[in-house]
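S.K.: below: sequence and its predicted model.
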Amino acid sequence: MNPLSAYFQDGLEKPGRSIGTEIETSFVRNGKAATLSETQSMLKILVERGWQPSAYRGKYLTAITDQYGNRVLYELGRQNLELAARPATAGTVVREAKHLLDELYSAAGQYGLEPNFKPRIESEEDLLLIADERDAAWLELDGRQALALLAGISAEQFTVEVPFDRAILCLNRLGKVAWRFLEYYPQDRIWRQYIQQSHAGYRCDRYGGPLQFTGLRAYCQALALHDVVQDGKLVPFYQAKEIDLPLFIRSVWWYFRLKRYGNRLCIEVRPLARRSDERLEQQLQLVLETLNL
């Protein structure tokens with residue numbers, strides 16, 4: 001059996017109805033990207049208010065966590081902070097995320113910063129920030145010019161629990177209406193430019209990916225066509241040793257992809273551009289209506 005097939009199905013629990021969300025926000029001062037010093041100060045304010053430091057790179061604080069497991073961390077850009085909120089129900093996930101975002105905005109306001117509610121920040125500066133070892137590996141693989149393309153974009157993701165026997169059906173439903181997501185996702189062009197400019201030599205469908213599958217086996221076979229990043233280079237999937245499967249899955253940037261959290265199987269919906277907080281509920285409803293769970 002393809003090790004991916006086993007990964008996605010062995011030991012699963014009966015699914016609940018939880019939804020996770022990740023929301024990236026660029027912060028600006030008078031329209032200009034916040035400096036690293038300014039976003040560091042934001043994180044330190046939140047630590048003073050009860051959040052806990054959870055990751056450093058050198059002398060820089062790169063992630064913080066609250067008592068409930070919500071996280072704030074850098075996403076490639078010095079000005080771009082990602083909120084990774086704990087799973088919640090469809091009725092509460094947006095409300096809880098907004099509450100956490102308000103904490104971020106309050107910290108930003110202490111330094112005259114404000115959130116930039118746009119999918120992309122216009123800047124001629126190199127905004128790239130390498131916040132962890134994973135990003136460092138991609139910098140070595142891609143080259144700075146290519147990876148820096150991703151430093152100025154902000155997106156959202158919803159990750160929805162799905163029953164195993166309906167997972168591929170749900171992926172196919174999303175794939176059939178991918179245009180509804182891409183119509184409001186200007187990052188698509190930037191991601192494709194990144195794939196083309198990277199020194200790595202990725203397959204062109206490592207981003208976006210197939211949109212229809214005949215079953216889990218076909219899904220895993222398509223995923224295994226992509227190389228694994230190991231020791232700063234690409235290694236064919238079936239030649240790679242001791243693959244970190246969750247990390248590998250995260251490194252294949254399909255619009256809609258299966259993910260596993262503990263004993264739960266989920267679908268992550270990725271092509272959602274950062275907009276105003278008032279649009280979050282509308283974006284979630286597009287996801288849920290398409291999945292039709």
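M.R.: Now that the structure is in, tell me what you want to look at.

S.K.: kindly export the one helix or strand residue 249 maps to (C-alpha atoms) in CSV.
M.R.: In this structure, residue 249 sits in helix 245-250 according to DSSP states H and E. The C-alpha trace of helix 245-250 is given here as CSV (Å, rounded to 0.1, in the frame of the first residue of the first chain):
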residue,chain,number,x,y,z
LEU,A,245,4.5,12.7,5.7
PRO,A,246,2.7,15.7,7.3
LEU,A,247,5.6,18.0,6.2
PHE,A,248,5.6,16.5,2.7
ILE,A,249,1.8,17.0,2.3
ARG,A,250,2.2,20.6,3.4
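
S.K.: show the subsequent helix or strand relative to it.
M.R.: Under the assignment DSSP H and E, the closest C-terminal helix or strand after helix 245-250 is strand 253-254.

S.K.: hmm, who's touching that following strand?
M.R.: 191, 206-210, 270 (CB atoms under 8 Å, 6 or more residues apart in numbering). The way it works is simple: take the backbone N, C-alpha and C, and place the C-beta from them, glycine included.

S.K.: try it again with 10 Å
M.R.: Counting by CB atoms under 10 Å, 6 or more residues apart in numbering, the neighbours of strand 253-254 from elsewhere in the structure are 171, 175, 191, 194-195, 202, 205-211, 219, 222-223, 226, 268, 270-271.

S.K.: which of those fall in strands?
M.R.: Among these, DSSP state E puts 207-208, 268, 270-271 in strands.

S.K.: end-to-end on stretch 195-203?
M.R.: The distance separating the two terminal residues of stretch 195-203, taken as CA to CA, to the nearest Å, comes to 8 Å.

S.K.: in that stretch, what counts as buried?
M.R.: Neighbour-count burial for stretch 195-203, with 16 or more other CB atoms under 10 Å as criterion, is recorded at 195, 198, 200, 202.

S.K.: quick one: low-confidence parts of the protein?
M.R.: The chain contains residues with pLDDT under 70 at 1.

S.K.: on that earlier part again, looking at the ones in strands among the contacts of strand 253-254, which is nearest residue 89?
M.R.: residue 268 (17.6 Å; CB to CB).

S.K.: identify the bridge partners of residue 57.
M.R.: Under the criterion DSSP bridges, residue 57 forms beta bridges with residue 60.

S.K.: contacting residues around it?
M.R.: 63, 74, 129-133, 135-136.

S.K.: which other residues reach the helix holding residue 249?
M.R.: Contact partners of helix 245-250, identified using CB under 10 Å, 6+ apart, comprise 3-4, 6-8, 134, 137, 223-224, 226-230, 237, 240, 243-244, 257-261, 268.

S.K.: so which of these sit within helices?
M.R.: Counting by DSSP state H, those place 3-4, 6-8, 134, 137, 223 in helices.

S.K.: what sits against residue 171?
M.R.: The neighbours of residue 171, taking CB under 10 Å, 6+ apart as the test, are 162, 210-213, 216, 219, 254-258, 267, 269, 291.

S.K.: ok, now residue 170?
M.R.: Going by CB under 10 Å, 6+ apart, the list of residues near residue 170 reads 160, 162-163, 256, 258, 267, 269, 290-293.

S.K.: can you give me the neighbour number for residue 172?
M.R.: If you count neighbours by other CB atoms under 10 Å, residue 172 ends up with 14.

S.K.: in the stretch 51-200 of the chain, which spans are strands?
M.R.: 52-57, 60-65, 71-74, 80-88, 114-116, 155-161 (DSSP state E, counting those that start in this stretch).

S.K.: got a markdown table for these, with distance to residue 45 too?
M.R.: Formatted as a markdown table, these follow (distance: least, CB to CB, whole Å):
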| stretch | distance to residue 45 |
| --- | --- |
| strand 52-57 | 13 |
| strand 60-65 | 10 |
| strand 71-74 | 11 |
| strand 80-88 | 12 |
| strand 114-116 | 15 |
| strand 155-161 | 24 |
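
S.K.: can you check which of these gets nearest to residue 122?
M.R.: Closest approach to residue 122 among those is made by strand 114-116 (9.4 Å; CB to CB).

S.K.: of the contacts of residue 170, buried ones?
M.R.: Neighbour-count burial within these applies to 160, 162, 256, 258, 267, 269, 290-291, 293; the criterion is 16+ other CB under 10 Å.

S.K.: closest to residue 186 out of these?
M.R.: Distance to residue 186 across these (CB to CB) is lowest for residue 269, with 17.0 Å.

S.K.: what sits against the closest one?
M.R.: When contacts are counted by CB under 10 Å, 6+ apart, residue 269 touches 156-160, 170-171, 174, 181, 255-257, 283-284, 286-288, 290-291.

S.K.: cool, thanks, talk later.
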